Structures are given as C-alpha cells and as structure tokens.
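**Student:** show me the folded form of this:
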Amino acid sequence: MKKENKSIIIWLLSGCFIVFVMVVVGGITRLTNSGLSMTDWHLVTDTFPPLTEAKWQETFEQYKKFPEYQKINIHNNFTLSDYKFIYFWEWFHRLIGRLLGFVFIIPFVYFLIKKRFDKATLNKCYILLGMGAFQGFLGWFMVRSGLINNPDVSHFRLALHLTFAFITFAYTFWVALDLIYPERKKVTKSLRNITRFALAFLLIQIIYGGFVAGLDAGLIHNHWPMMSDGQFFHESITLEKETWFERFTEGKSGVQFVHRTLAYFVVGIIALLYFRSKKFTLDTTQSNGIKALLALVFVQFTLGVFTLLYSVPLLLGLAHQVSAFFLLSAMTFTLHRLSK
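**Tutor:** Numbering: from 1, shown residues only. So this is what the prediction gives:
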C-alpha cells in the first residue's frame, strides 16, 4: 500500500461501513413494516422528523391517505404512537443515506482538488458516485410502488434496491483493495473462475432473498430440509401461478423453493473452491480469504435454516441479512486476491 493512498483507503472503507449500517437499518425497516411510513421525499425538509405534536398529527393524517393505512392498519387499532415507531426506522434509513452522500462527496471533492487520485482510481470513484445516486433513486422507486394501490412494495423493486446496495458495497470494497494491494501477481485462473461462479450464484441468492422478503415467503413452509407435508418440491408451487416463470419469480412457494435450493449450490461451490485450493500454493491473504468464505457460508446457511424454522423473527431475519453481507465481503476479498 502506498502511503499517499492511506487517507483515500480510509475514506473508501468508511463508505463501506456506512453502506453496511444502511443495509442493517434497511433490514430492520423491512422487518418492522416501516418502509411506507414516509409518503413523500424531500431532500432537505425530511432531514429531521416532526418536532411538534401538531406536526406529528399532520404527518399521521397524511399517512392515513395511503393504502397501507387504509387497507391494513386501519383495522389494527393503529395509533399515533405506533406511527411514530415505524416513521423512525424509515426516517433513520433515509438519514443514513444522506450521511453516506456527505461522507462520499465532501472528501471526494477535497481529494480531487488536491489531485490525490490517479486516473484509474478517479474513474472508479466517478462510477461510485453514479452508483450512489442510482441507489437513492431505487429507494424511492421501491417505496413509490407501495403508495399507489398495493399496500406493499414490489418485491422486484425491493430485490433490486437490496442487491444494488450489496453491489455498491462490493465495488467500493474492491476499489479500496486495489489501493491496499497495488502489486500485480500471477493469477490462479482455475480458482479465480470458481470464485466468479460462486459470486454469481451468491448474487442470485441475494436477489431471491429480496424476493422472499418482499413476498413474506419466509412465513410459509417453515420446515427443513423438506417443505410442508414432507415434500421437497411442494405441490403449492404449481398452484400459485400459471407459468413456470411466474411460479419461480412471483409465487411465494416457488420463490422460497428457489432460495432454499440455491443455498445448497452456494455452499457446494465454496466447498469446491476450498478443496481445490489445497492443490495450490497460496499466499496468506488468499488462504485466509477462502477459509473465511467456507466458515461464513456455513454460518449463513445455518442462520437461513433457523430463520425459516422460526418464521422470520426480527433478530434472526436481521442476522441472516448481516451474515450475507459478511459473506459477500469475504467473497469480494477472495476474488480480488485470486485475480490481481
């Protein structure tokens, strides 16, 4: 690592940490059904929550005009106190998004003025800037889908918002790793290619995790290793939707089946990577990355099973999402060390 890049690395890793916190808070927001509590988006005026009781009441009355209250919460003896709870998590999630913007833009402008970037790093940072802006758009695009007729967000938009957050984190981490390990070395192509396949499957699994969350598909078939009634492929999969594509992208049973089945593939590919790596002489970072991957994938798999068995309680659901984040971190690190 070059000494002059240390401050840039710290800046990038700080951004990674804030993205991680934002994903955690986003998970709490989803699991507490708080995501539709703020019915509009204002860059400045939403920075602080309502500061008076009258303003709270006005905001609550505005919320009552939208489907979540009119179709669901109106029947649940939903009070202003309940509204303040769900409002907090959505407001906090957006606040972290604003913080992330400041943490990225202000140091970026400083480093740009001081000419601290080389050309390659500068271009990568421009990409990061665009990714951050697009992620903010995706957040509102997702929320908007639950404010029209259906009192829930589109699971497609939820999965897109979640997956792009993971990708933004991974790319930021990758740019930091480029600066931490600037030297080039011989690439072990077979291990690199296996890791690429593992990453692809992991990203698909994250997408399906978003589908499961958006459809509340974790609340059914709460059995393992089989689905309900001792069936590996439950008959309800074919009954929910007419086409196979719809069954595996919109049906609760079908989406859960894909998510739980893909988990075996992710574990299998990472196990293959671990055993194949024994045939090569690897440096410490490569070896540690692969060992971390193997450990984390089993932690993630175990958390997924218990999250399903207990019907997605808040803490287990959140732990499962956090573990996926760590697994992607290890995957990104390992792929980087096997590629450059």
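**Student:** so, low pLDDT: which residues of the protein?
**Tutor:** For the chain, residues meeting the criterion pLDDT under 70 lie at 1, 43-45.
**Student:** now with 90?
**Tutor:** 1-5, 39-48, 51, 75-77, 136, 140, 144, 146-152, 182-188, 340 (pLDDT under 90).
**Student:** break down it into its helices, ranges please.
**Tutor:** 6-31, 53-63, 67, 80-113, 119-144, 155-180, 189-215, 236-240, 244-249, 252-277, 284-309, 314-339 (DSSP state H).
**Student:** how much space is there between Ile10 and Val103?
**Tutor:** Counting by Cβ to Cβ, to the nearest Å, the separation of Ile10 from Val103 is 11 Å. In short, each C-beta sits where N, CA and C put it, glycine included.
**Student:** who has more neighbours, the two?
**Tutor:** Of the pair Ile10 and Val103, Val103 is the one with more neighbours under other Cβ atoms under 10 Å, namely 16 against 12.
**Student:** mind listing what that one touches?
**Tutor:** By Cβ atoms under 8 Å, 6 or more residues apart in numbering, the contact list for Val103 reads 11, 14-15, 18.
**Student:** among the residues you listed, which pair sits farthest apart?
**Tutor:** Within the contacts of Val103, Trp11 and Ile18 form the most distant pair, 10.9 Å apart (Cβ to Cβ).
**Student:** if you count neighbours, what's buried in stretch 244-252?
**Tutor:** Neighbour counts over stretch 244-252 (16 or more other Cβ atoms under 10 Å) mark 247-252 as buried.
**Student:** what's the answer for stretch 98-106, then?
**Tutor:** With burial defined by 16+ other Cβ under 10 Å, the residues of stretch 98-106 counted as buried are 100-101, 103-104.
**Student:** any idea how far Thr307 is from Gln256?
**Tutor:** In this view, Gln256 and Thr307 are 12 Å apart by Cβ to Cβ.
**Student:** between the two, which contacts overlap?
**Tutor:** Counting by Cβ under 8 Å, 6+ apart, the common neighbours of Gln256 and Thr307 are Gly218.
**Student:** so those two - more neighbours on which side?
**Tutor:** Between Gln256 and Thr307, counting by other Cβ under 10 Å, Gln256 is the more crowded of the two (25 against 22).
**Student:** and the nearest residue in space to that one that is not next to it in sequence, what does it touch?
**Tutor:** Nearest in space to Gln256, with sequence neighbours left out and distances taken as Cβ to Cβ, 6 or more residues apart in numbering, is Ala217 at 4.4 Å. By Cβ under 8 Å, 6+ apart, Ala217 lies in contact with 211, 252-253, 255-256, 259.
**Student:** at 7 Å instead, please
**Tutor:** Counting by Cβ atoms under 7 Å, 6 or more residues apart in numbering, Ala217 touches 252, 255-256.
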